[in-house]
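S.K.: Sequence plus the predicted model coming up.
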Amino acid sequence: MGRTLLLLYSTACYVGFFATFVYAIGFVGCVGVPKCVDTGVAVSTSHAIFVDMLLLGAFAVQHSIMARRWFKRWWTRIIPQAAERSTYVIIATLLLALLMWQWQPIPADVWNIQGADARIAFDALFALGWVVILSGTFMIDHFDLFGLRQGWLAFRRREYTHPPFTTAGFYRYTRNPLMLGFIIAFWATPTMTVGHLLFAAASTAYILVGVMLEEHDHAYWLGARYLAYKRRTSMIIPMPPRAAPEGQVAAEDATE
């Protein structure tokens, strides 16, 4: 019964995440949803900035703290190891849902592009960003990333193992394609309001900080192999991989 409940919990967390993720696309792009980054009851600019930064800060703090090794060691003394990732996902999902629900718009335009072709180009770039995000998760392990694999392995009474390190697909050209996708999606809009600019700028700043924290953890777990990958691959902006010196290649091969 415990294993079945754990699997149901992981499944429910994943379904909740995915529904919220889909809604977030509409929230950022202001398409197909009742409330988006640019809609809602207008309040004073100072009040809106205070509330919005509080919401963004709560989401960022949760992501940063719950992803750290020291927190996971403490947290898994309280909850089952197999539920750790799903719990992280559902708390992040609830905070994202709260952010979208309580977001305060600041409707003044920063830019508003009128040309039909230019607007189509921005919309296409916006869609591309979300495609990069979603496809990038499958290039590593989508179901592990969002907790479902841990619940399934526990249900099968199989020991959890981390997915193998991969540099396939987008990861050959950038170490953080998911973050690249978010940055594209947040900034690619033909109509940029002050509220949307606040959302995009604050999210991008957190992404850059979060990437540094995450890469520090990757280096801890993967050691020299990740450091070599880091030296030859761009952090965010896609670029052809840099060639490693011949002696370094030999050393990397010896560690695999």
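M.R.: Ah, there it is.
S.K.: what sits against the residue nearest to residue 237 when sequence neighbours are not counted?
M.R.: Among residues not flanking residue 237 along the chain, residue 174 sits closest, at 6.8 Å (CB to CB, 6 or more residues apart in numbering). Every residue, glycine included, has its C-beta placed from N, CA and C. Listed by CB atoms under 8 Å, 6 or more residues apart in numbering, the contact set of residue 174 reads 180, 233, 234, 235, 236, 237, 238, 239.
S.K.: helix, strand or coil for residue 174?
M.R.: Following DSSP: H, G, I helix; E, B strand; the rest coil, residue 174 is assigned to coil.
S.K.: From residue 223, how far out is it?
M.R.: 21 Å (CB to CB, to the nearest Å).
S.K.: Make a markdown table out of the contacts of residue 174 and add neighbour count and secondary structure.
M.R.: Shown next, in a markdown table, are the contacts of residue 174 (neighbours: other CB atoms under 10 Å; DSSP: H, G, I helix; E, B strand; the rest coil):
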| residue | neighbour count | secondary structure |
| --- | --- | --- |
| 180 | 23 | helix |
| 233 | 19 | coil |
| 234 | 16 | coil |
| 235 | 15 | coil |
| 236 | 16 | coil |
| 237 | 10 | coil |
| 238 | 13 | coil |
| 239 | 12 | coil |
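S.K.: And those, which is closest to residue 22?
M.R.: residue 180 (20.1 Å; CB to CB).
S.K.: surely that closest one meets residue 135?
M.R.: No. Using CB atoms under 8 Å, residue 180 is not in contact with residue 135, being 11.8 Å away.
S.K.: any shared contact partners between the two?
M.R.: With contacts taken as CB under 8 Å, 6+ apart, residue 180 and residue 135 have residue 170 as neighbours in common.
S.K.: Which stretches in the stretch 1-150 of the chain count as helices?
M.R.: Taking DSSP state H, counting those that start in this stretch as the criterion, the stretch 1-150 of the chain carries its helices at 2-29, 45-66, 69-75, 84-102, 116-140, 142-145, 148-155.
S.K.: Tell me which of the ones you listed is the most buried.
M.R.: helix 148-155 (a mean of 21; mean count of other CB atoms under 10 Å).
S.K.: Work out the gap between it and the centre of the chain.
M.R.: Average the C-alpha atoms of helix 148-155, do the same for its chain, and the two points are 21 Å apart (CA atoms, centre = their mean, to the nearest Å).
S.K.: can you check stretch 46-64 too?
M.R.: With CA atoms, centre = their mean as the basis, stretch 46-64 stands 16 Å off its chain's centre.
S.K.: For that stretch, give me every contacting residue.
M.R.: The contact list for stretch 46-64 (CB under 8 Å, 6+ apart) reads 42-43, 91-92, 95-96, 98-99, 102-106, 195, 198-199, 202-203, 206, 209-210, 213.
S.K.: circling back: gap between the residue nearest to residue 237 and residue 34?
M.R.: In terms of CB to CB, residue 174 sits 35 Å off from residue 34.
S.K.: Ok, residue 202 next?
M.R.: Separation of residue 202 from residue 34 (CB to CB): 23 Å.
S.K.: quick one: average confidence on stretch 24-44?
M.R.: In this model, stretch 24-44 has an average pLDDT of 94.
S.K.: for that stretch, which positions count as buried?
M.R.: By 16 or more other CB atoms under 10 Å, the buried positions in stretch 24-44 come out as 24-30, 33, 35-38, 40.
S.K.: how about the helices in the stretch 151-256 of the chain?
M.R.: In the stretch 151-256 of the chain, the helices defined using DSSP H, counting those that start in this stretch lie at 177-187, 194-222, 224-232, 246-255.
S.K.: Of those helices, flag the one that's most buried.
M.R.: Buried most deeply of the helices of the stretch 151-256 of the chain, by mean count of other CB under 10 Å, is helix 177-187, with a mean of 21.
S.K.: Give me the angle between that one and helix 116-140.
M.R.: 160 degrees (axes from the mean of the first three to the mean of the last three CA atoms, to 10 degrees).
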